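K.L.:
predicted model and sequence follow; I will ask about them next.
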Amino acid sequence: MPKVNTIQQVFDLLPRYFRPEKARDVRAVVQFHIPGAGGGDWIVRVDQGRLSVEPGVSPTPADLTVTVSAENYWALLRGEMDPLAAYMRGRLRIEGDLKLAYRLQDLFRMPDESVA
């Protein structure tokens, strides 16, 4: 599998790892804000087993907004930083539906691509 080198590639690959059977009862808009080198904004929509991912800022209020620096996002992806510890230390900011934030990890299987 190819090595993932950009945050854009991570979001491009999300549909490959989406588990629609786990999301049949989920309707949500998640806004990711990732400031820093190579970061950006992405909108992830889950609608009863369907997923869409696009760059940008949601024109409507998101159910959940995740803000994390590009540097810390990579650390999370590589498993070098625990999400709960990052949240408690203010390195990962979550606004909105905290239950949804917890549930997100169940909606995606772990990728087999290596991360930069």
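P.N.:
That came in fine, so what should we check first? Nothing here was measured: the structure is a model prediction, and the numbers come from that model. Numbers count the residues shown, from 1 in each chain.

K.L.:
can you show me the helices along the chain?
P.N.:
Assigned by DSSP state H, the helices in the chain fall at 7-17, 70-77, 83-88, 98-107.

K.L.:
against which helices or strands is the last one packed?
P.N.:
Right, the one you point to is helix 98-107. Applying 3 or more CB pairs under 8 Å, 6 or more residues apart in numbering; DSSP states H and E, one finds that helix 98-107 makes contact with strand 27-34, strand 64-68. All C-beta spots, glycine's among them, are computed from the backbone N, C-alpha and C.

K.L.:
from those, which stretch is densest packed?
P.N.:
strand 64-68 (a mean of 21; mean count of other CB atoms under 10 Å).

K.L.:
tell me which strands that one pairs with, and in which orientation.
P.N.:
Strand 64-68 pairs in its sheet with strand 27-34 (parallel), strand 92-96 (antiparallel), by DSSP bridges.

K.L.:
and residue 6, which of those strands is closest to it?
P.N.:
Ranking those by proximity to residue 6 (CB to CB) places strand 27-34 first, at 11.1 Å.

K.L.:
residues in contact with the closest one?
P.N.:
Residues from elsewhere that reach strand 27-34 (CB atoms under 8 Å, 6 or more residues apart in numbering): 7, 11, 40-48, 57-58, 60-70, 73, 97, 100, 104.

K.L.:
show the buried residues in these.
P.N.:
Buried members of the contacts of strand 27-34, counted by 16 or more other CB atoms under 10 Å: 7, 11, 40-46, 58, 62-70, 73, 100, 104.

K.L.:
nearest residue to the middle of the chain?
P.N.:
In the chain, the C-alpha closest to the average C-alpha coordinate belongs to residue 32, at a distance of 6.4 Å (CA atoms, centre = their mean).

K.L.:
among the helices and strands packed on helix 98-107, which is nearest residue 19?
P.N.:
Closest approach to residue 19 among these is made by strand 27-34 (14.6 Å; CB to CB).

K.L.:
just the CA coordinates of the closest one, formatted as PDB?
P.N.:
C-alpha atoms of strand 27-34 as PDB (Å, rounded to 0.1, in the frame of the first residue of the first chain):
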ATOM      1  CA  ARG A  27     -26.800  11.500  10.500                       C
ATOM      2  CA  ALA A  28     -24.100  14.000  11.200                       C
ATOM      3  CA  VAL A  29     -21.900  16.700   9.800                       C
ATOM      4  CA  VAL A  30     -18.300  16.800  11.200                       C
ATOM      5  CA  GLN A  31     -16.100  19.800  10.500                       C
ATOM      6  CA  PHE A  32     -12.300  19.200  10.700                       C
ATOM      7  CA  HIS A  33     -10.200  22.300  11.100                       C
ATOM      8  CA  ILE A  34      -6.500  21.500  10.900                       C
END
